[in-house]
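Participant: give me coordinates for this.
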Amino acid sequence: MTALPGWNVADAKGTWIVSGGLGGLGLATATELAQAGATRLVLCSRRPDDADTGAELAALRRRCEDVRVTALDVTN
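Facilitator: Predicted coordinates:
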């Protein structure tokens, strides 16, 4: 993730909401945010977490202090 000089994309004080959070792009975005220093993530997805996403969620939870998954359809 890139930002303007002097601006931290993943400010540790904020909570980041990732729509489509359990899809490939959503998990990649969440991983980038975690690597940039985000400590709180909310992954919104129409589908529940499962064995396919379990390992990636575990890795995110090791890096971030708070990772939540919520069933949510942003189109409604």
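Participant: what's the pLDDT at residue 62?
Facilitator: Here, the pLDDT recorded for residue 62 equals 94.
Participant: tally up the residues packed near it, please.
Facilitator: Residues lying near residue 62 (other C-beta atoms under 10 Å) number 9. Heads up, the C-betas are built off the backbone N, CA and C, glycines and all.
Participant: then residue 43?
Facilitator: 26.
Participant: looks like it contacts residue 67 (just checking).
Facilitator: Yes - counting by C-beta atoms under 8 Å, residue 43 does reach residue 67; the two are 7.0 Å apart.
Participant: shared neighbours of these two, which are they?
Facilitator: 30, 57 (C-beta atoms under 8 Å, 6 or more residues apart in numbering).
Participant: give me the buried positions along stretch 53-69.
Facilitator: Buried positions in stretch 53-69, judged by neighbour count with 16 or more other C-beta atoms under 10 Å: 53, 56-57, 60, 63-64, 67, 69.
Participant: for the nearest residue to residue 68 once chain neighbours are set aside, give me its contacts.
Facilitator: Of all residues not flanking residue 68 in the chain, residue 42 sits nearest, at 5.0 Å (C-beta to C-beta, 6 or more residues apart in numbering). Going by C-beta under 8 Å, 6+ apart, residue 42 touches 15-18, 21, 68-70.
Participant: please check the residues you listed and keep the buried ones.
Facilitator: Going by neighbour count (16+ other C-beta under 10 Å), the contacts of residue 42 have 16, 18, 21, 69 buried.
Participant: in what element of secondary structure is the most centrally placed residue in the chain found?
Facilitator: Centroid-nearest residue in the chain: residue 30, 3.1 Å away (criterion: C-alpha atoms, centre = their mean). Element membership for residue 30 (DSSP states H and E) is helix 24-35.
Participant: mean confidence score for that helix?
Facilitator: 92.
Participant: starting at the chain centroid, how far to the helix or strand following it?
Facilitator: Downstream of helix 24-35, the next assigned helix or strand under DSSP H and E is strand 40-45. Distance of strand 40-45 from its chain centroid, counting by C-alpha atoms, centre = their mean, to the nearest Å, is 5 Å.
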